[in-house]
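Q: Have a look; sequence and predicted model below, questions after that.
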Amino acid sequence: MKFSANLGFLWNELTLPDAIRAAKLAGFDAVECHWPYDVPAAEIRAALDETGLPMLGLNTRRGDVAAGDNGLSALTGREVEARAAISEALDYARATKTRAVHVMAGFASGPEAHASFIANLRFACAEAEAHGITILIEPLNHHDAPGYFLQTTEQAQDIISEVNHPALRLMFDCYHVQIMEGDLTRRLQNLLGLIGHIQFASVPDRGAPDHGEVDYHAIFATITRLGYDRPLGAEYKPAGKTEDSLSWFSVF
Ligand SMILES: O=C(O)[C@H](O)C(=O)CO
Ligand SMILES: [Mg+2]
């Protein structure tokens, strides 16, 4: 198996360039992050070049986090900000050779939110395609993100088929999907053709994948059997130091 360190959670006490170096030292094959925008892209690019690790993904800005925003693209009336966030993420991705941008929907519901999300995703896909960047959408669970617009893979599947653009893919985060829908093995199998990236963490505590209600031995075996060989995103919150949370790494 190949693994990507999610630096939003792993080594998040370090600067992002140093977290990239720490992931390399620990033996990860790739990295991914959440919101890297405080760090100049050139510094990220230098750390990636130095370590040889690819950056698999980053997120669009969430908006006004202090006011409760968690993404902008499904927020009717906030299209200008949403598209600015998408363009900023794509520019940053190009400057760092990041492969995918996760377009965050935000807290919203109903047909208008759906229409706004579709329109903003069409904008994102058209911009991304020219640069070979993938656009990801990710269902989040309703305990961690109550009221988030995108909550299930079924909803994501409908959105992907409505947008109907080859740049748009599903971020299948096993942690969120297990909480909202379960049936991980069948869902991975049925959605494989739509999946752009897979993430994992224990359920329900979002820790390392060596405990909890999901048997990651079985899930990773399924992913391998399906022929998916890209790095899987370790997006979990270490209980202490990241280095002390990595015993799972040699097991899988
Ligand atoms: O929380 C997650 O699972 C994400 O992958 C994310 O990018 C931020 O919400
Ligand atoms: Mg995730």
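A: Perfect, I can see it now. Numbering: from 1, shown residues only. Ligands and ions are numbered 1, 2, ... in the order given.

Q: Could you report the separation of the residue lying closest to residue 39 once chain neighbours are set aside from ligand 1?
A: Distances taken as C-beta to C-beta, 6 or more residues apart in numbering place residue 16 nearest to residue 39, at 4.8 Å, with adjacent residues excluded. From N, CA and C alone the C-beta is placed, and that goes for glycine too. Residue 16 sits 15 Å away from ligand 1, going by C-beta to the nearest ligand atom, to the nearest Å.

Q: Can I get stretch 152-166 as CSV, trimmed to CA atoms?
A: Extracted C-alpha coordinates of stretch 152-166, given in CSV (Å, rounded to 0.1, in the frame of the first residue of the first chain):
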residue,chain,number,x,y,z
THR,A,152,-23.5,11.3,1.4
THR,A,153,-21.8,9.6,-1.5
GLU,A,154,-25.2,9.1,-3.1
GLN,A,155,-25.7,12.9,-3.2
ALA,A,156,-22.1,13.3,-4.5
GLN,A,157,-22.8,10.7,-7.2
ASP,A,158,-25.8,12.7,-8.4
ILE,A,159,-23.8,16.0,-8.4
ILE,A,160,-21.0,14.4,-10.4
SER,A,161,-23.3,13.0,-13.0
GLU,A,162,-25.1,16.3,-13.3
VAL,A,163,-21.9,18.3,-13.7
ASN,A,164,-20.7,15.6,-16.1
HIS,A,165,-17.1,16.8,-16.4
PRO,A,166,-14.1,14.5,-16.4
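
Q: Give me the buried positions along stretch 40-59.
A: 41, 44-45, 47-48, 51, 53-59 (16 or more other C-beta atoms under 10 Å).

Q: ditto for stretch 206-220
A: In stretch 206-220, counting by 16+ other C-beta under 10 Å, buried: 206-210, 212, 214, 216, 219-220.

Q: Kindly state the beta-bridge partners for the residue of the stretch 1-150 of the chain found nearest ligand 1.
A: Here the residue of the stretch 1-150 of the chain nearest ligand 1 is residue 59; by C-beta to the nearest ligand atom that distance is 4.8 Å. In this entry, residue 59 is beta-bridged to residue 102, by DSSP bridges.

Q: heads up, I number from 27, so please use that
A: Understood, numbering begins at 27; the last thing we discussed is residue 85.

Q: Could you measure from the residue in the stretch 177-278 of the chain that ligand 1 sits nearest to over to residue 32?
A: Nearest residue of the stretch 177-278 of the chain to ligand 1 (C-beta to the nearest ligand atom) works out as residue 199 at 4.7 Å. For residue 199, the distance to residue 32 equals 10 Å [C-beta to C-beta, to the nearest Å].

Q: For residue 166, what are phi and psi?
A: Phi and psi for residue 166, reported as degrees, to the nearest 10, are phi -110, psi 150.

Q: so what's it up against?
A: By C-beta atoms under 8 Å, 6 or more residues apart in numbering, the residues touching residue 166 are 174, 176-177, 199, 202.

Q: What is the nearest of the buried residues of stretch 232-246 to ligand 2?
A: Nearest to ligand 2 among the buried residues of stretch 232-246, counting by C-beta to the ion, is residue 232 at 9.7 Å.

Q: any idea which helix or strand carries the closest one?
A: In the assignment (DSSP states H and E), residue 232 maps to no helix and no strand.

Q: Can you check the pLDDT for it?
A: pLDDT recorded at residue 232 is 98.

Q: Now it: closest residue in space, sequence neighbours ignored.
A: Per C-beta to C-beta, 6+ apart, closest to residue 232 is residue 263, 5.3 Å.

Q: For burial, what's the neighbour tally of the one you found?
A: Using other C-beta atoms under 10 Å, residue 263 has 17 neighbouring residues.

Q: same thing with the one 3 residues further on?
A: As a burial measure, residue 266 scores 7 neighbours (other C-beta under 10 Å).

Q: What is the three-state secondary structure of it?
A: When classified by DSSP: H, G, I helix; E, B strand; the rest coil, residue 266 comes out as coil.

Q: how close does it get to residue 231?
A: 14 Å.
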